[in-house]
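1. okay, predicted coordinates and the sequence, questions at the end:
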Amino acid sequence: MAEEAKKEEYWRWPEGSWVNPDGDWKKGKTITAGVDVGSVSSQAVVAVDGELYAFSNTRTGSDSPDSAWKCMNMALEGSDLTVDNIDYCIGTGYGRVNVPMAQRTITEIACHARGANFMYGPEVRTVMDMGGQDCKAINCDERGKVLNFMMNDKCAAGTGRGMEVFADLIRVPVWEIGPRSFKIEAEPEMISSTCVVFAKTEVVGLLEEGVPENDIMAAYCAAMAHRIMELLNRLGVQEKFVITGGIAKNEGVVKRLEEQLGIKTAEKIWHKPEYRSYPFDTQIAGGLGAALFAEAMLSRGKVKSVRKA
Amino acid sequence: MKAFFGFKDGSGDWFVIIDTDRCSGCGKCAEACPSNVLQVGEDEYDPFNEEPVASVREEERKKIRYSCAPCQPGYGETPTPCIAACEPGAISHSEGWKLMYGRQ
């Protein structure tokens, strides 16, 4: 029997979850959760008294409620905490209206600003959220309150999904694109189209011409960085500048953006010293912001706990 | 906060910009808008703001270029009805319409 060729899916980035090994939710007074169901990835974050307790990062399926449950269950794996113990849950992201366990929704713009403020510290002034199908530039104050923002959601050009499509086309795992895009002799000219479909055609053309793969990756990363820069220039960038979302993990885009902007992005480490040993995932900013909003709303008496157990 | 509602594409910037710090939530803009683009409600971007503010309806955000075009934002003889109705001066438009349709 001919062995069936296994189709590799190069865009399939690994999912993950984490529970604070030193944390004990039973000692906490309020347990809040934020569920960020995006167009490509979903995250659930659980906070105990406003401190990070657990999170997960998964791919969004074709069904928003299912994806919300999937990421929530994954975040609670390895902990005896259940959904019934959660005082208040806030849904955010593109699929926020379809989060079954959430009591209310908040836009991802407010949540990302709040989450980035907590992760990177109060000095953060500009947050660039590179989402799966859109990108948002946000200016915020020292409390993580949004001052102004600009969103680019008309099409998926230069976003996470675009990168996934590109990875599949060029047959390189999506997380290798960043490092490999620097293994080049000279910086190539960037891909001229920002549209994913046109960029794909352009890449196919380059591949046929025999342009080395690494050069094409560099050209694509540069094009994406350029598109982000245009959006940021319109809004105005201030330090401390941070990128959240999946593309923040692609140094090929981040380093080129830093060069084009002339501004460095803040280091990806937790602002709180006691968090330094925790994993730092740029994709959880939205969910974390939602969980922090839930905590703040409960403590201010704006909403009531719905805890069942 | 300046909230930009709309989109940017290859043809230009198409945004209705609402300054939520100036907006009083009076709702006169929503009444004045002939395309029924505006609404007044909870501040989506600041969950702790108790005051209602104006915003662009969700379903209009991706087609704002066409919904706002009849009022000639930024290049007509008179200010658009929403801007004329807004006493605190909280509403403005990005330059897309002016650059694309305004007379040179």
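-> Perfect, thanks for sending it.
2. how deep is the closest residue to residue A:218 other than its chain neighbours tucked in, by neighbour count?
-> Taking CB to CB, 6 or more residues apart in numbering or on different chains as the measure, residue A:218 lies nearest to residue A:181, with 4.3 Å between them; neighbours along the chain are not counted. Glycine gets a C-beta too; all of them are placed from N, C-alpha and C. With neighbours defined by other CB atoms under 10 Å in any protein chain shown, the count for residue A:181 comes to 27.
3. where does residue A:90 fall, phi/psi-wise?
-> In this entry, residue A:90 is assigned phi and psi values of phi -120, psi 130 (degrees, to the nearest 10).
4. list the beta-bridge partners for the most centrally placed residue in chain A.
-> Residue closest to the average C-alpha location in chain A (CA atoms, centre = their mean): residue A:245, at 2.1 Å. The bridge-partner assignment for residue A:245, based on DSSP bridges, gives residue A:130.
5. which element is residue A:47 on?
-> strand A:41-48 (DSSP states H and E).
6. same check, this time on residue A:115
-> When secondary structure is defined by DSSP H and E, residue A:115 falls within helix A:108-120.
7. that helix to strand A:41-48, inter-axis angle?
-> Per axes from the mean of the first three to the mean of the last three CA atoms, to 10 degrees, the angle that helix A:108-120 makes with strand A:41-48 is 60 degrees.
8. tally up the residues packed near the nearest residue to residue B:51 once chain neighbours are set aside, please.
-> Take residue B:51 and drop its neighbours on the chain: the residue closest to it by CB to CB, 6+ apart is residue B:25, 5.5 Å away. Around residue B:25 there are 15 other residues, counting by other CB under 10 Å.
9. check residue A:189 too.
-> 10.
10. I figured it hits residue A:218, correct?
-> No: because the distance of 9.7 Å does not satisfy CB atoms under 8 Å, residue A:189 is recorded as not touching residue A:218.
11. around chain B, pick out the residues from chain A.
-> Among all residues of chain A, those adjacent to chain B (criterion: CB under 8 Å from any CB of the partner chain) are A:106-107, A:109-110, A:145-155, A:194, A:231, A:234, A:293, A:296-297, A:300, A:302.
12. over to the spatially most central residue of chain B. Which of the three states is it?
-> Against the mean C-alpha coordinate of chain B, by CA atoms, centre = their mean, the closest residue is residue B:16 at 3.2 Å. Taken by DSSP: H, G, I helix; E, B strand; the rest coil, the conformation at residue B:16 corresponds to strand.
13. wait, it sits on residue B:64?
-> Yes: under the contact definition of CB under 8 Å, residue B:16 touches residue B:64, with a separation of 6.1 Å.
14. overlap of the contact sets of the two?
-> Common neighbours of residue B:16 and residue B:64, using CB atoms under 8 Å, 6 or more residues apart in numbering or on different chains, are B:5-6, B:37, B:56.
15. among those, which ones are in strands?
-> Secondary structure of the shared contacts of residue B:16 and residue B:64 is defined by DSSP state E; positions in strands are B:5-6, B:56.
16. need those residues in a markdown table (columns: neighbour count).
-> Supplementary listing: those in a markdown table, determined by neighbours: other CB atoms under 10 Å in any protein chain shown:
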| residue | neighbour count |
| --- | --- |
| B:5 | 20 |
| B:6 | 26 |
| B:56 | 22 |
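17. now pLDDT and distance to residue A:69 too, for those, in JSON lines please.
-> Below are those laid out as JSON lines (pLDDT from 0 to 100; distance: CB to CB, whole Å):
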{"residue": "B:5", "pLDDT": "90", "distance to residue A:69": "32"}
{"residue": "B:6", "pLDDT": "89", "distance to residue A:69": "34"}
{"residue": "B:56", "pLDDT": "93", "distance to residue A:69": "32"}
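18. need these in a markdown table (columns: distance to residue A:100).
-> As requested, these are arranged in a markdown table below (distance: CB to CB, whole Å):
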| residue | distance to residue A:100 |
| --- | --- |
| B:5 | 28 |
| B:6 | 31 |
| B:56 | 28 |
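19. what about the helices in the chain?
-> Defaulting to chain A. Listed in chain order, the helices of chain A (DSSP state H) span residues A:64-76, A:108-120, A:160-170, A:177-180, A:196-209, A:213-235, A:251-261, A:285-299.
20. ah, I was thinking of chain B
-> For chain B, the helices defined by DSSP H occupy B:28-32, B:64-68, B:81-85, B:96-101.
21. tell me which of the ones you listed is the most buried.
-> For the helices of chain B, ranked by mean neighbour count under the definition mean count of other CB atoms under 10 Å in any protein chain shown, the leader is helix B:64-68 at a mean of 20.
22. so what's the model's average confidence on that helix?
-> Helix B:64-68 shows a mean pLDDT of 91 in the predicted model.
23. same for that helix, what does it pack against?
-> Identification of packing neighbours for helix B:64-68 by 3 or more CB pairs under 8 Å, 6 or more residues apart in numbering or on different chains; DSSP states H and E yields strand B:2-9, strand B:12-19, helix B:96-101.
24. what does the last one contact?
-> By that I understand helix B:96-101. Contacting residues not belonging to helix B:96-101 are listed as B:11-15, B:65, B:68-69, B:72-75 [CB under 8 Å, 6+ apart].
25. what does chain B have sitting close to chain A?
-> Within chain B, the positions lying close to chain A (CB under 8 Å from any CB) are B:1-4, B:7-10, B:13, B:15, B:44-48, B:61-62.
26. neighbours around the residue of the stretch 201-309 of chain A found nearest chain B, how many?
-> The shortest separation between the stretch 201-309 of chain A and chain B is 5.7 Å, found at residue A:293 (distances taken as CB to the nearest CB). Using other CB under 10 Å, residue A:293 has 26 neighbouring residues.
27. per-residue pLDDT, residue A:3?
-> What the model reports for residue A:3 is a pLDDT of 51.
28. where does the chain have low pLDDT?
-> In the absence of a named chain, chain A is used. Screening chain A residue by residue with the criterion pLDDT under 70, one finds the ranges A:1-7, A:153-154.
29. not quite, I wanted chain B
-> Under the criterion of pLDDT under 70, the regions of chain B flagged as low confidence span B:104.
30. which ones are touching the residue nearest to the centre of chain B?
-> B:4-6, B:37-38, B:56, B:64, B:68, B:82, B:91-94.
31. who does it bridge with?
-> The residues listed as beta-bridge partners of residue B:16 by DSSP bridges are residue B:5, residue B:93.
32. this completes my enquiry, with thanks.
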